[in-house]
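1. what follows is a predicted structure for the sequence shown.
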Amino acid sequence: MLKPMIEFCAGNMHHGPDKIMKLFEQDDAYEVIEYGCLGNCGECYLNPFALVDGAIVSANSAEELHANILKAIDQQQADRDALDKLLDDL
C-alpha cells in the first residue's frame, strides 16, 4: 500500500501548519513534502491547508487541520477500498 502524500506550502506556515507538518514527518506512515508554493494562493492566504494525495484539505486552525488531514486520509482509503471491491465484483 502506498503511503498517503501530504504536501505543505511554505507560504502557509504563518497559519501554524509547520507544527502539524512536523508531527506527520515523525511518522513513517506518511510521505510529507514541503514546497515553496503549491499554487493555491487564495486558500493559502485564508486558512491553514495542505494537499492530501492531491486534494485540498483546509481548516480554521492548525489543530483542526491535523484532524481534517486524518479524516481525508481515512476517506480516501475507504474510497479506494470500495473501488477495489467494485472492480473485483465485475
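-> Arrived safely. Residues are numbered from 1 along each chain as shown.
2. quick one, what contacts residue 9?
-> When contacts are counted by CB atoms under 8 Å, 6 or more residues apart in numbering, residue 9 is found next to 17, 34, 35, 36, 37, 38, 40, 44, 49, 50. The C-beta positions use only the backbone N, C-alpha and C, and glycine is treated the same way.
3. which other residues reach stretch 65-78?
-> Judged by CB under 8 Å, 6+ apart, the contacts made with stretch 65-78 from elsewhere in the structure are 4, 6, 16-17, 20, 23-24, 48-50, 52-53, 55, 57-59.
4. for the chain, which helix is longest?
-> The single longest helix within the chain, with elements called by DSSP state H, is helix 62-89.
5. how about the contacts of residue 9 in CSV, adding secondary structure?
-> Shown next, in CSV, are those (DSSP: H, G, I helix; E, B strand; the rest coil):
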residue, secondary structure
17, helix
34, strand
35, strand
36, coil
37, coil
38, coil
40, coil
44, helix
49, strand
50, strand
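6. of those residues, which is the most crowded?
-> Highest neighbour count within those: residue 50, with 30 neighbours (other CB atoms under 10 Å).
7. now it: how far from residue 82?
-> Noted for residue 50: a distance of 24 Å to residue 82, by CB to CB, to the nearest Å.
8. before we move on, what about residue 52?
-> Applying CB to CB, the value for residue 52 to residue 82 is 18 Å.
9. return the helix or strand in this structure with minimum mean pLDDT.
-> Here the helix or strand of the chain ranked lowest by mean pLDDT, DSSP states H and E is helix 41-46, holding a mean of 85.
10. any stretches of this protein with poor pLDDT?
-> Under the criterion pLDDT under 70, the flagged ranges of the chain are 1.
11. most centrally placed residue in it?
-> With distances taken as CA atoms, centre = their mean, the residue of the chain nearest its centroid is residue 52 (3.0 Å).
12. show the contacting residues for that residue.
-> Contacts of residue 52 were listed using CB under 8 Å, 6+ apart, and they are 4, 5, 6, 7, 69, 72, 73, 76.
13. pick out the most distant pair among those residues.
-> By the measure CB to CB, 7 and 76 form the most distant pair in these, at 13.9 Å.
14. settle it for me: which of the two has more neighbours?
-> Between residue 7 and residue 76, counted using other CB under 10 Å, residue 7 has the larger neighbour count: 18 against 15.
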